[in-house]
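**Q** need a structure here:
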Amino acid sequence: MGTKRNKKPVHGNREEEKANRLIKYMCIVLVLLAILMIVAFSVM
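**A** Residues are numbered from 1 along each chain as shown. The predicted structure is shown next:
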């Protein structure tokens, strides 16, 4: 039982890390899209 308890938090940390990375990528993509839209509208 001790080993199972130790494995769960590690898995949770990995999932949390993956989620944080995903959020970071989403933010970067949104910022890039915003910049592209601003450039596109300023050119028009």
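**Q** Give the rounded mean pLDDT of stretch 26-42.
**A** Stretch 26-42 comes out with an average pLDDT of 96.
**Q** N20 and N13, how far apart?
**A** 10 Å (Cβ to Cβ, to the nearest Å). In this view, the C-beta of every residue, glycine as well, is placed from N, C-alpha and C.
**Q** V39 too?
**A** 39 Å.
**Q** and stretch 25-35, how far from the chain's centre?
**A** On the basis of Cα atoms, centre = their mean, to the nearest Å, stretch 25-35 sits 11 Å off its chain's mean C-alpha point.
**Q** Enumerate the positions of it that are buried.
**A** By 16 or more other Cβ atoms under 10 Å, stretch 25-35 has no buried positions at all.
**Q** Check what contacts it and list those residues.
**A** Around stretch 25-35, nothing counts as a contact under Cβ atoms under 8 Å, 6 or more residues apart in numbering.
**Q** neighbours around R21, how many?
**A** Neighbourhood size, R21 [other Cβ atoms under 10 Å]: 10.
**Q** Which of the helices or strands spans it?
**A** helix 2-43 (DSSP states H and E).
**Q** what's the pLDDT at M1?
**A** 55.
**Q** To clarify, my last question referred to E17.
**A** 90.
**Q** please renumber so the chain begins at 492
**A** New numbering, starting at 492: the last item is E508.
**Q** quick one: it from L523, how far?
**A** Taken as Cβ to Cβ, the span from E508 to L523 is 23 Å.
**Q** now swap in I529 and tell me
**A** Distance from I529 to L523, by Cβ to Cβ: 11 Å.
**Q** just K515 next, same as before
**A** 13 Å.
**Q** do the same with E507
**A** Counting by Cβ to Cβ - E507 and L523 are separated by 25 Å.
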